[in-house]
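1. Fold the following for me, if possible:
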Amino acid sequence: MKRFFAFFALLIATAVPASSSDKSSYVGHYWNEQKDGIFVLHIVDDTIEGLTVWGKKPSNDVNNPDPALRGRSLSGIKFLWGFSYDRKKNRWVDGKVYDPNNGKTYSAKMSLEKDGKTLKMRGYIGVSLFGRTAKFERVPSDDMPRGMAGEAVE
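-> Now for the predicted structure:
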């Protein structure tokens with residue numbers, strides 16, 4: 001009987017996600033791939049959004065397919081949206097990502113590596129088999145650019 005309870009306790013412990021493995025563990029600031037820009041992920045209602053918040057050099061959305069938006073600054077734009085949280089797999093799925101480098105919007109999913117410091121995002125067309133995975137490192141508070149330290153994230 002003791003073995004049954006020990007097995008049952010182990011089964012429950014592995015089935016329940018750890019406290020760091022929930023949707024709020026994604027919230028924070030991340031470097032872009034070139035480490036010359038920072039974006040922030042924050043939860044809004046039941047979804048997660050990504051906003052660009054800092055860049056080494058100001059730039060405009062010159063590749064946007066809408067000519068009226070090509071003059072807008074890339075700072076502050078929402079480039080991730082529409083995700084839903086898959087609790088069992090601790091990842092965000094069925095979202096959209098806008099790539100300002102080519103002006104295209106892709107389907108996307110995101111997951112955190114076990115260390116919680118690296119975000120993996122897969123952008124794709126149709127099925128995720130036909131896509132690309134990018135990795136983004138979380139920005140340590142000591143590395144925040146001047147003027148960004150202490151910014152609140154909702």
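
2. End to end on stretch 105-122, go ahead and measure it.
-> 12 Å (CA to CA, to the nearest Å).

3. mind listing what's buried in it?
-> 106-112, 119, 121-122 (16 or more other CB atoms under 10 Å). Bear in mind the C-beta positions are built from the backbone N, C-alpha and C, glycine included.

4. what's in contact with that stretch?
-> 20, 25-26, 30, 41, 48, 80, 83, 89-99, 123-126, 128, 131-138 (CB atoms under 8 Å, 6 or more residues apart in numbering).

5. hey, where'd the helices end up in this protein?
-> Secondary structure of the chain (DSSP state H): helices at 2-15.

6. any idea of the mean pLDDT in stretch 69-81?
-> For stretch 69-81, mean pLDDT rounds to 95.

7. ok, residues contacting that stretch?
-> So stretch 69-81 is contacted by 37, 39, 41, 47-55, 58-64, 95-100, 108, 110 (CB under 8 Å, 6+ apart).

8. Buried residues of that stretch, list them for me.
-> 74, 77, 79-81.

9. Next: stretch 136-148.
-> Buried-residue list, stretch 136-148, by 16+ other CB under 10 Å: 136-139.

10. What distance do you get for Ser75 to Gly37?
-> 9 Å (CB to CB, to the nearest Å).

11. which neighbours do those two share?
-> 52, 54-55.

12. sorry, back to before: list buried residues within the contacts of stretch 105-122.
-> Here, 16+ other CB under 10 Å leaves 26, 30, 41, 48, 80, 83, 90-93, 95, 97-98, 123-124, 131, 134, 136-138 buried among the contacts of stretch 105-122.
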